[in-house]
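Student: sharing a model that was predicted from the sequence below.
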Amino acid sequence: MQGIYTILLLLASNIFMTLAWYGHLKMTEFSWFKTLPLIGVIVFSWGIAFFEYCLQVPANRIGFEGNGGPFSLMQLKVLQEVITLVVFVLFSVLAFHMQIKWNHIVAGVFLILAVYFVFK
């Protein structure tokens, strides 16, 4: 169960992270947000990132084999990166209507291979 909890926490934390890092680009569609100075946008993003850390840190604690979890440090990092990219792709397609191209699919295959090899 620790592995599942770790993955779910990583997924949730990456949703917050993606919103903190890239959500402000979409928020400029709102007039109140568009008029914020850069420091306001930074504080807004930090507020979102706080919740990312509230989920990310427990995910790594629960999942790390040194704390009784099922994943090595390398496995945790690769899981984190793959989840980050999956969440980002979904966000960019849904929020920005970006199109997935053949090279994105090839990159996804290589990510799957990275996961395979790090767990080998």
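Tutor: Ah, there it is.
Student: longest helix anywhere in this protein?
Tutor: Ranked by residue count, the top helix of the chain under DSSP state H comes out as helix 38-63.
Student: could you list every helix and strand in contact with it?
Tutor: In terms of contacts (3 or more C-beta pairs under 8 Å, 6 or more residues apart in numbering; DSSP states H and E), helix 38-63 is packed against helix 2-18, helix 24-27, helix 73-96. For every residue, glycine as well, the C-beta is placed using N, CA and C.
Student: nearest to residue 51, out of those helices?
Tutor: helix 2-18 (4.6 Å; C-beta to C-beta).
Student: report the angle between that closest one and helix 38-63.
Tutor: Angle of helix 2-18 versus helix 38-63, following axes from the mean of the first three to the mean of the last three C-alpha atoms, to 10 degrees, is 170 degrees.
Student: in helix 2-18, which residues are buried?
Tutor: Neighbour-count burial for helix 2-18 flags 2, 6-7, 9-18 (criterion: 16 or more other C-beta atoms under 10 Å).
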